[in-house]
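Engineer: no sequence for this one, just the structure:
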């Protein structure tokens, strides 16, 4: 009873709180990083260097009036933010933050696929939000979101197949352990897959340069145009939770998760003083920073260009990557 | 006990959602019910310890195909009331035939499955030199069911080519 | 949500209102877009939301009072509006403007061009999603505004010219600050270019988007960078020199493709040419009075004239009729460059995607205060 | 809000048409209040009549028209004008020169011929219609001057042509020659009520679609519903909402 119910529940509670708090601070970090890129200061008023902004922002969002448009589809309008947030949080269930069993909720044998399938559910939040608002810009946004998700999910899934081929397992813990056994981070032997997954991650989390469903300069905010207050902040949470989980998964799959650099080089054994979860958090931070850096730098792609890249570039490369990985696997 | 409870709960949910899919007046609502239905089916697979199938069910059906449904439903103007048919009973006849066919099929399945001994695929045996859900599935697909598998993939390829030709009017 | 279409599986033609409140219409412009999917099938431009009747107001204002009104048209380039109006009235009055005043006017006009182009660059890049450029460009625009503030005390609506000359001479040390600004601006331009010019996404978003040929652009009455982007050599500063432009050496950049990317390159080059002009004007700044001999009571002889200058947006023309009896114009007509360029929007966007619409609104660089007057 | 073009020439028949024969066109006519629907004309006239706005000052006497000074004797007109006069001998009414600008005053019916000639003739080649506007001289029989500012990007010279049109006259649209003229003519129609024959899309452009009257005319009242708004906002609101109520679903 204790092992099957209480401990996992405790873990889940701790994890959820950690995610929610880290999201608020990630928003602050994003504002600071982008401000730094744009030669300005960012939030400075609340607390020293604006640190407390992370706490004030959610409070403000919660206290705001929650408006439902008169002609909106009430049921779906309320359901959509939840549909968008829940998968993002559920996806954390299979993310191991360390090799010890203490650090993850569940290590199921189809962990990677579970992650993919759960994140693919998240798009319903966006699509239904756009449709339920009964407004034209959100509708366009949900059309864009559905088309975008389909094309990039295929590419990402196919790319991950080559990682699975290399590691021989679908379990997240197993993949990291395979990297330890192979003595190399898969980012180095699957560089193409890494780049593809990064691009796909940008597209699946609707981030610049693929932020078409919420392009505020085109669609006035896209699918969350009609949302306000708490519901809006749920979308916000979902987006950032998604970014964190995708960063974590990328770090696990390609950068050895909680492993130190060159895990099988004995000379670097002194690095083991640093616990594994700090390594992982450091890597996640790097990816988060990458997301923000890209957001500050790049313009936005156009819808048709996005589809073209997805179908004509990413999917063929992913297919070729699978074939090459397979051949190498057979030969070696 | 717990498994049986889960099974029956899920079955009721699946049936109820299925009814909801065809009775809801709004198309988008029925698509949402369909998604929930698929999720329940996936949960049923988990109960049956077919995790791989469950995850694929979500990934392909809930995450992929139904998204396309929604895409089409939102693109196409379905606000108009469906036209009245000239012969109101014509649909009834077709429905009768179809439901009869489904009934026969169900009966066949029941008869067929009762006539066989329950097979045990979970224990490692000489027929399955590998262990684990996915591995077993892969083994079966590429040994016993290789030809149906390849035929199915060729069929899908044909469908894909056909769709492309239909979509591109000038080729 | 949808228009009524006949067959049940027909895709909808979606009619959406872009504006009057939309982040990318650069003011209160409303575009009624008819979309097939995301492709624009038809477009209607609706404007007039900030129509204040400046032309009508001018008929009941003193000649000098009108300068204030002109500030409010293209409010991101108020000094060029002042300049165009004052020059036109001077032409009617046949007043000679002192050389020093003409030089300072040129400096102001070119500073204004830099300021206006900064705003254009920032918002244009922002529309396409590159938000850092906006902050960079506004950082430099701030310097321009500071210079104007020091010159005339205002930061947006300058009222910085008078008929016959200038209200104020430049403050001491101002010319050094302008020089310093030119140096700063020259170092900042590569920053913009680094972010955009060779950026793959920027190229894909702007190349081949909104192509218009030279003859079409001419017939459409486009002016300024949109016209030059199509390779038509037309710059009022060169063709019909005013202020002191005939004394300076500068080039008029021309495009070859007539697409958004060319228009972007042209405006970037105009930054450099403006800096060049400002430097020449500062080097050769003559001494002397800043006001010409203007009668106390302005009463031009009966007659009419049209005079154009090159504002940052294009050919800004004033057509003024004086009846010779009143101390206000009988008719004042502004030929607003934004209005003419906005007319070219529909031919540009039909056939493009929604995302291109914001890109093309950005590339024609409109200010609705000027379109509507 | 779709783009159903308003049939050209439907609006000018509204009640806003000023009396063409009036000798005192600067007097505001209460009946010609703008922005009031024809249906509301009767109740609207009352509050308007009650408040005959204090006239600021009576203008001395409306001018009879622009001077259009003739060119000085020692100045030769540009070659293309001479060529134009040869090609269309009856078209040109008058030549004018003032502070460096040449203006060709053209007969109304010859406008298209002259414009086509000026655009296509090699020594003229005015390919750029830089402005098109009008001015209003109410006492004159042909009260409108429609002015075309042309420019040649090839030869780099300017000329203005001008036609005089009465209130009922149809000015041929030059939007077929220069696409730029499309919106210019719409604006002239919007502001002056000059009708352009053959214009593809003659709708109001700056003023709202249901607007009555033509604001840039000299006899347009300078005080309108805005004045009423200050006096009695509810009444004003009622009047403004009248035409819209039918459209709002």
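Structural biologist: Nice, I can see it. Keep in mind that what you see is a predicted model, and the values were worked out from it rather than measured.

Engineer: C-alpha only now, for contacts and for neighbours.
Structural biologist: Fine.

Engineer: Where does pLDDT dip in chain C?
Structural biologist: C:1-12 (pLDDT under 70).

Engineer: Quick one: list the elements packing against whichever helix in it runs longest.
Structural biologist: Longest helix in chain C by number of residues (criterion: DSSP state H): helix C:99-128. Applying 3 or more C-alpha pairs under 8 Å, 6 or more residues apart in numbering or on different chains; DSSP states H and E, we find helix C:99-128 packed against helix A:216-219, helix C:78-93, helix C:131-152, helix C:260-283, helix C:354-364.

Engineer: who does the shortest one touch, helix- and strand-wise?
Structural biologist: Going back to what we said before, that points to helix A:216-219. helix A:136-167, helix C:99-128, helix C:354-364.

Engineer: would CSV of these with mean neighbour count be doable?
Structural biologist: CSV is the format used below for the helices and strands packed on helix A:216-219 (neighbours: other C-alpha atoms under 10 Å in any protein chain shown):
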stretch, mean neighbour count
helix A:136-167, 23
helix C:99-128, 25
helix C:354-364, 25
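
Engineer: can you list these in JSON lines and add distance to residue C:195?
Structural biologist: Putting the helices and strands packed on helix A:216-219 into JSON lines (distance: least, C-alpha to C-alpha, whole Å) gives the following:
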{"stretch": "helix A:136-167", "distance to residue C:195": "26"}
{"stretch": "helix C:99-128", "distance to residue C:195": "10"}
{"stretch": "helix C:354-364", "distance to residue C:195": "17"}
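
Engineer: what ranges do the strands span in chain B?
Structural biologist: Listed in chain order, chain B contains no strands at all (DSSP state E).

Engineer: Where does it get nearest to chain A, which residue?
Structural biologist: Closest to chain A within chain B is residue B:59: 4.2 Å, counting by C-alpha to the nearest C-alpha.

Engineer: The closest residue to that residue other than its chain neighbours: what's it in contact with?
Structural biologist: Nearest residue to residue B:59, sequence neighbours excluded (C-alpha to C-alpha, 6 or more residues apart in numbering or on different chains): residue A:117, at 4.2 Å. Under the criterion of C-alpha atoms under 8 Å, 6 or more residues apart in numbering or on different chains, the contact list for residue A:117 reads B:55-56, B:58-60, B:63.

Engineer: got the residues of the stretch 251-373 of chain C near chain B?
Structural biologist: Residues of the stretch 251-373 of chain C that fall close to chain B, judged by C-alpha under 8 Å from any C-alpha of the partner chain: none.

Engineer: of all of the stretch 251-373 of chain C, which residue lies closest to chain A?
Structural biologist: Counting by C-alpha to the nearest C-alpha, the stretch 251-373 of chain C gets nearest chain A through residue C:355, at 6.0 Å.

Engineer: separation between residue D:107 and residue A:303?
Structural biologist: Relative to residue A:303, residue D:107 is positioned 54 Å away (criterion: C-alpha to C-alpha, to the nearest Å).

Engineer: Run the chain-centre distance for the longest helix of chain C.
Structural biologist: Offset of helix C:99-128 from its chain centre (C-alpha atoms, centre = their mean, to the nearest Å): 8 Å.

Engineer: where does residue D:94 land in three-state SS?
Structural biologist: strand (DSSP: H, G, I helix; E, B strand; the rest coil).

Engineer: Now do the contacts for it.
Structural biologist: D:104-106.

Engineer: Please flag which of these sit within strands.
Structural biologist: Those of the contacts of residue D:94 lying in strands (DSSP E): D:104-106.

Engineer: May I see those residues organised as TSV, with neighbour count, distance to chain B and pLDDT added?
Structural biologist: TSV is the format used below for these (neighbours: other C-alpha atoms under 10 Å in any protein chain shown; distance: C-alpha to the nearest C-alpha, whole Å; pLDDT from 0 to 100):
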residue	neighbour count	distance to chain B	pLDDT
D:104	25	55	87
D:105	22	56	87
D:106	22	54	88
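
Engineer: If you drop the residues flanking it in sequence, what lies closest to residue C:233?
Structural biologist: residue C:254 is the one closest to residue C:233 (C-alpha to C-alpha, 6+ apart), at 6.9 Å.

Engineer: again, but for residue C:84
Structural biologist: Closest residue in space to residue C:84, ignoring its immediate chain neighbours: residue C:309 at 5.8 Å, by C-alpha to C-alpha, 6+ apart.

Engineer: and residue D:149, which of the three is it?
Structural biologist: Applying three-state DSSP: residue D:149 is strand.

Engineer: I'd like the distance between it and chain C.
Structural biologist: 8 Å (C-alpha to the nearest C-alpha, to the nearest Å).

Engineer: what number of residues lie near residue A:63?
Structural biologist: Other residues near residue A:63 come to 11 when the count uses other C-alpha atoms under 10 Å in any protein chain shown.

Engineer: I'd like to know how far it sits from chain B.
Structural biologist: From residue A:63 to chain B the distance is 30 Å (C-alpha to the nearest C-alpha).

Engineer: Residue A:53 now?
Structural biologist: Taking C-alpha to the nearest C-alpha, one finds residue A:53 at 36 Å from chain B.

Engineer: quick one: low-confidence ranges for chain B?
Structural biologist: Judged by pLDDT under 70, the stretches of chain B that qualify are B:76-90, B:115-132, B:169-171.

Engineer: Mind checking what secondary structure residue A:56 has?
Structural biologist: Quick answer, by three-state DSSP: residue A:56 is helix.

Engineer: Pull the contacting residues for the closest residue to it other than its chain neighbours.
Structural biologist: Residue nearest to residue A:56 in three dimensions, not counting chain neighbours: residue A:46, with 7.9 Å by C-alpha to C-alpha, 6+ apart. Residue A:46 sits next to A:52-53, A:56 when contact means C-alpha under 8 Å, 6+ apart.
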